[in-house]
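Chemist: A structural model of the following input is requested.
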Amino acid sequence: MTTTTKPAAMANAKTNAALDELYDGLVRVTRTAIDQLERKLNAPPPPVTVPFSDDPDVCAARRWLSDHYALWLFCDNAACLRACRCRGRHVACYRFTMDRVPDDAIAGMRLCLDAHVAGEDPLKLRGEQRRAIDALIAWRRRFGLTPLPWSVAPAKPRPHQARAAHGTDS
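Modeler: Numbering: from 1, shown residues only. Okay, the predicted model is just below:
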């Protein structure tokens with residue numbers, strides 16, 4: 001009996017070693033996969049990619065949106081701050097500052113533009129659409145701008161006043 005148990009014990013030891021090696025490999029692969037997922041989840045969001053365009057209409061539309069989202073407040077270009085509007089490279093402005101605008105305010109701008117083109121009053125919208133428009137109005141009022149882009153504009157705030165309202169002034 002002892003002669004038959006030694007080969008069986010050796011076979012069990014080899015099987016156990018193979019299973020342990022397989023288990024260690026699975027644990028290694030699982031940890032690697034979890035690490036990769038955590039890196040993806042914890043990674044900062046990619047910057048907004050805006051393709052460059054020399055088309056004057058595209059440039060004008062992007063500058064208009066930059067003005068109405070008050071992106072010039074976050075711009076490093078002194079000309080933008082002096083003019084209280086976009087005067088620099090609109091592609092750079094979008095790439096580095098658009099992520100500061102809340103998603104609800106962006107949705108509100110789209111709804112306002114759609115309503116304006118259709119000849120409707122965006123303030124008469126209800127539900128989720130109204131919440132998005134209210135977010136846009138709150139974003140614009142934060143910087144002393146008119147509630148909606150096509151309203152009659154009051155005097156624009158000076159950059160230091162608008163920055164102080166946003167809390168970016170040191």
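Chemist: domain ranges for the protein?
Modeler: 1-43, 46-100, 102-170 (automatic domain parsing).
Chemist: Using CSV, please lay out those together with mean pLDDT and mean neighbour count.
Modeler: Quick note: C-beta positions are derived from backbone N, CA and C, even for glycine. Supplementary listing: the domains of the chain in CSV, determined by pLDDT from 0 to 100; neighbours: other Cβ atoms under 10 Å:
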stretch, mean pLDDT, mean neighbour count
domain 1-43, 79, 9
domain 46-100, 77, 16
domain 102-170, 73, 15
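Chemist: Okay, and Gly108 sits in which element?
Modeler: helix 103-117 (DSSP states H and E).
Chemist: what packs against that helix?
Modeler: The contact analysis (3 or more Cβ pairs under 8 Å, 6 or more residues apart in numbering; DSSP states H and E) places helix 103-117 against helix 128-141.
Chemist: name the helices or strands packed onto the helix it packs on?
Modeler: With contacts taken as 3+ Cβ pairs under 8 Å, 6+ apart, helix 128-141 sits against helix 103-117.
Chemist: Regarding this structure, what is its longest helix?
Modeler: Longest helix of the chain, by residue count under DSSP state H: helix 2-42.
Chemist: for the helix or strand that comes right after that one, packing partners?
Modeler: The element immediately downstream of helix 2-42 (helix or strand, assigned by DSSP H and E) is helix 56-68. In terms of contacts (3+ Cβ pairs under 8 Å, 6+ apart), helix 56-68 is packed against helix 90-97.
Chemist: Could you check how far the helix it packs on is from the centre of its chain?
Modeler: Relative to its parent chain, helix 90-97 has a centroid offset of 12 Å by Cα atoms, centre = their mean, to the nearest Å.
Chemist: by how many degrees do that helix and helix 56-68 diverge?
Modeler: Interaxial angle of helix 90-97 relative to helix 56-68 (axes from the mean of the first three to the mean of the last three Cα atoms, to 10 degrees): 40 degrees.
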